[in-house]
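Asks: sequence first, then the predicted structure:
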Amino acid sequence: MNPPTTLNMSLLNLNSEVISQEGTEETESNGVADEAFSEHSLQSFSGPNLLSVDSACSCSRSIFIFGPKRLCSLLLPAICALALCARAGTATNALVEWTDPDTGHHVVQLSREPGSESLYFNLNPFTPDGRKMVITTPGGIAMIDLQTRQVDNIVAGRAHVIMVGRKTGQIYYATTNRTVFAVDPATKITHQIVTLPRGAQVATVNADETMLAGTVIERTDWGTNGDFFDGGPNRRTDIETADKQRERKGQMMEDRLAKHYPMELFFYNIQTGETKKCDRCTDWLGHLQFSPTDPNLLLFCHEGPWHKVDRIWTMRADGTDLKLIHQRQMTMEIAGHEFWSADGKTIWYDLQTPRGEDFWVAGYEVSSGSRTWYHLLRNEWSVHFNVSPDGTLFSGDGGDAGMVAHAPDGKWINLFRPELLTDGSDDTPGTNSLVRPGVFHSERLVNMARHDYALEPNAMFSPDMKWLIFRSNMSGANQVYAVELKKTVGSK
């Protein structure tokens, strides 16, 4: 049985340009919108569906104006009704589940509303008890109960999810007026934390939820809030073709790196209100992630085309111990999409030596500096990798043939079992400083042939390690899915 298909939202998206022009306030950009095309910041935004009945009707007229009048009269009410449902924030398609015929794994659609998304792969979406996870919807922010699959709306309106706090389970988010909030998903009580100055953006919350970290940028060529919220791959059009997205993003990365805007990191103490700034530079700083266990250790990157930057860095929250985690050793070597292990002991990242030719998931142990590299095949390369809570399994969300690996058969959600190669050096002096190599043994979980990789799936393990959760547009609209790691009984 193939994945069920919902009404293709592209019927409504054909009018998205008109909707965007008429429905967006052309206001000055703010701390949320300052880095409008930061790869990280585009991933976890939500906003109300601004599609109106009028715009839906005009869309239907534009689609069928040259078609039979009978067809127009039949479809016009249906499209308008769909717009009304979307505007009201109600579900327009039922929950679905199936067994992937190519893999034998059970797949469940967790979200109900078209346009829903799970978070970026390295942001924590789970409550401390592991029972619930936050998602974004066209109407705001919601939580899914992973046991009952119930979806509960938490915050209404446009909001940028920063992450779920690892200690309290509060959802930290920012709004278009540069204000950062925290909301208790159980009581829905919200409190304001700080309003940021122009150019500032919060990206992460530390392990004990006492500190925020972010970036400050100095520039004069500001965009607009409309630019920011319309700029993501799924903001007003659920599906944008991968080739168009790729071309725009590649040129954007080159242009942004060349700007050399002055930037610096900042740390904000939630209890005292004190702000500490450090690492002032003209590099493009991004992908900030506090350690999941060390409240004072920050992982961040120097953004830009990966073959032009030494990307992965760490720093203490007091501004000391700035450290480059991976230094390139060859022309066109790339490393990036870094993420923490759940215990905070290892930094993992995508490594290619050189770009598009030889593929690894590389690990750096924070305490000792030792390195482990797991090799994988071209068709196993993924936009994002992830690691299970206990560190025994890895995942990959695949990629299409136009991406850096140019994989001819790479559109799969994969599960990886790592194996270190036997060390035959017999403790030869000097070998302790060498990279420990290994390989991945892959298992395909979901066939993503119908997925457009303009939307990156961003797979992540559920806290109980029974499911791999990802987002996809395979049905014609963005939704959140989970695939069971254990094969369905009776599947080959």
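Replies: Arrived safely.

Asks: show the pLDDT at Lys244.
Replies: Per-residue confidence (pLDDT) for Lys244: 73.

Asks: go on, Pro233?
Replies: Looking at Pro233, the pLDDT reads 35.

Asks: would you mind measuring the gap between the ends of stretch 377-389?
Replies: Counting by Cα to Cα, to the nearest Å, you get 24 Å between the two ends of stretch 377-389.

Asks: now do it, average pLDDT.
Replies: 98.

Asks: go through it and flag the buried ones.
Replies: Buried residues in stretch 377-389, counted by 16 or more other Cβ atoms under 10 Å: Arg378, Asn379, Glu380, Trp381, Ser382, Val383, His384, Phe385, Asn386, Val387, Ser388, Pro389. Any C-beta I mention is one placed from the backbone N, CA and C, and that applies to glycine too.

Asks: turn those into a markdown table, including distance to Leu119.
Replies: Converted to a markdown table, those look like this (distance: Cβ to Cβ, whole Å):
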| residue | distance to Leu119 |
| --- | --- |
| Arg378 | 28 |
| Asn379 | 26 |
| Glu380 | 24 |
| Trp381 | 22 |
| Ser382 | 17 |
| Val383 | 15 |
| His384 | 12 |
| Phe385 | 16 |
| Asn386 | 12 |
| Val387 | 16 |
| Ser388 | 17 |
| Pro389 | 16 |
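
Asks: for the residue nearest to Ile141 when sequence neighbours are not counted, give me the pLDDT.
Replies: Once flanking residues are discounted, Ile141 sits nearest to Val155: 4.0 Å by Cβ to Cβ, 6 or more residues apart in numbering. pLDDT recorded at Val155 is 97.

Asks: use 58 as the first number for this chain going forward.
Replies: Sounds good: first residue 58 from here, last item Val212.

Asks: what sits against the closest residue to Gly413 other than its chain neighbours?
Replies: If the residues on either side of it in the chain are set aside, Gly413 comes closest to Val461, at 5.0 Å by Cβ to Cβ, 6+ apart. Neighbouring residues of Val461 by Cβ atoms under 8 Å, 6 or more residues apart in numbering: Ile391, Gln409, Arg412, Gly413, Trp438.

Asks: out of those residues, which end up buried?
Replies: With burial judged by 16+ other Cβ under 10 Å, the buried subset of the contacts of Val461 is Ile391, Gln409, Arg412, Gly413, Trp438.

Asks: just to check, the second one is in contact with Trp417?
Replies: Yes. The pair Gln409 and Trp417 passes the contact test of Cβ atoms under 8 Å, sitting 7.2 Å apart.

Asks: my read is that Leu355 contacts Ala270, right?
Replies: Yes. Assessed by Cβ under 8 Å, Leu355 is found in contact with Ala270 at 5.6 Å.

Asks: okay, those two: which has more neighbours?
Replies: Higher neighbour count among Leu355 and Ala270: Leu355, with 24 against 21, using other Cβ atoms under 10 Å.

Asks: excluding its backbone neighbours, what's nearest that one?
Replies: Spatial nearest neighbour of Leu355, chain neighbours left out: Met372 (5.2 Å); criterion: Cβ to Cβ, 6+ apart.

Asks: roughly how far apart are the residue nearest to Gly413 and Gly393?
Replies: According to Cβ to Cβ, to the nearest Å, Val461 stands 10 Å off from Gly393.

Asks: tell me if Val546 really is in a strand.
Replies: No. Looking at Val546 with DSSP: H, G, I helix; E, B strand; the rest coil, it is coil, so not inside a strand.

Asks: and it, what pLDDT?
Replies: Val546 is assigned 75 on the pLDDT scale.

Asks: same check on Gly533?
Replies: We have a pLDDT of 91 for Gly533.

Asks: same question for Gly487.
Replies: On pLDDT, Gly487 comes in at 77.

Asks: select the longest strand from the chain.
Replies: strand 493-504 (DSSP state E).

Asks: from His508, how far off is the closest residue to Ala399 other than its chain neighbours?
Replies: In space, and not counting its chain neighbours, Ala399 is closest to Pro446: 4.5 Å by Cβ to Cβ, 6+ apart. Noted for Pro446: a distance of 26 Å to His508, by Cβ to Cβ.

Asks: likewise Gly401?
Replies: As judged by Cβ to Cβ, Gly401 and His508 stand 32 Å apart.

Asks: which of those two has more neighbours?
Replies: His508 (26 against 17).

Asks: sec struct for the residue sitting nearest the centre point of the chain, please.
Replies: The residue lying closest to the centre of the chain (Cα atoms, centre = their mean) is Tyr177, at 1.9 Å. Following three-state DSSP, the label given to Tyr177 is coil.

Asks: distance check, it against Ala506.
Replies: 24 Å.

Asks: distance of Ala231 from Arg528?
Replies: 21 Å.

Asks: go on, Ala516?
Replies: Counting by Cβ to Cβ, the gap from Ala516 to Arg528 is 9 Å.
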